[in-house]
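> Next one to model:
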Amino acid sequence: MVGRERWRAVAGLAVVVALASGASQWWRSHLAGSIGAQLVAQVRPGDIQMLSSTTCVYCTVARRWLTDQQVPFTECFVERDAGCAARYQALGARGTPTLVVRGHLQLGFSPQQVLDGLQRGG
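Below you'll find the model as predicted:
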């Protein structure tokens with residue numbers, strides 16, 4: 001009988017964890033969509049430029065998110081484009097993705113950080 005009670009407790013805990021995980025994923029998706037809509041409403045052509053590397057996983061994540069949210073941005077690759085590499089060096093960038101949002105440098109990608117940059121720089 002003790003084994004059955006323990007199994008029920010474990011099963012109940014698993015259900016609670018699954019529900020919490022699902023709710024967390026839904027909330028993150030909801031927030032991402034909300035931030036994406038705010039970005040689309042505020043961005044103008046040329047506001048967001050991303051300097052990327054062809055091997056950068058974080059660049060891929062940023063590119064996919066911006067594309068999925070239909071946020072206009074331009075992108076160049078430091079390995080493929082000498083002008084991009086020169087700009088990367090001139091900015092003193094320390095990694096990729098490096099975003100330039102309305103003239104302000106941002107290392108790494110965060111939708112909220114990009115939104116803040118648009119609001120601050122515009």
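
> now the strands: where do they sit in this structure?
48-52, 74-77, 98-101, 104-107 (DSSP state E).

> In TSV, list the ones you listed along with distance to Leu115, mean neighbour count and mean pLDDT.
Placement of C-beta: from N, CA and C, glycine included. Formatted as TSV, those follow (distance: least, C-beta to C-beta, whole Å; neighbours: other C-beta atoms under 10 Å; pLDDT from 0 to 100):
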stretch	distance to Leu115	mean neighbour count	mean pLDDT
strand 48-52	11	22	98
strand 74-77	18	16	98
strand 98-101	9	23	97
strand 104-107	11	14	95
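
> and those as a markdown table, adding distance to Gln119?
A markdown table is the format used below for the strands of the chain (distance: least, C-beta to C-beta, whole Å):
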| stretch | distance to Gln119 |
| --- | --- |
| strand 48-52 | 13 |
| strand 74-77 | 20 |
| strand 98-101 | 10 |
| strand 104-107 | 11 |
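
> Which one of those lies nearest to Gly92?
In terms of C-beta to C-beta, the element of these nearest to Gly92 is strand 104-107, at 8.1 Å.

> Mind listing the strands that closest one pairs with, and their directions?
Sheet pairing of strand 104-107 (DSSP bridges) gives strand 98-101 (antiparallel).

> Just list whatever residues bridge to Ser52.
Phe77.

> Now do the same contact list for it.
59, 62-63, 75-78, 96-97 (C-beta atoms under 8 Å, 6 or more residues apart in numbering).

> which one among those gets closest to Arg44?
The nearest one, if we look at the contacts of Ser52 relative to Arg44 and count by C-beta to C-beta, is Glu75, at 16.6 Å.
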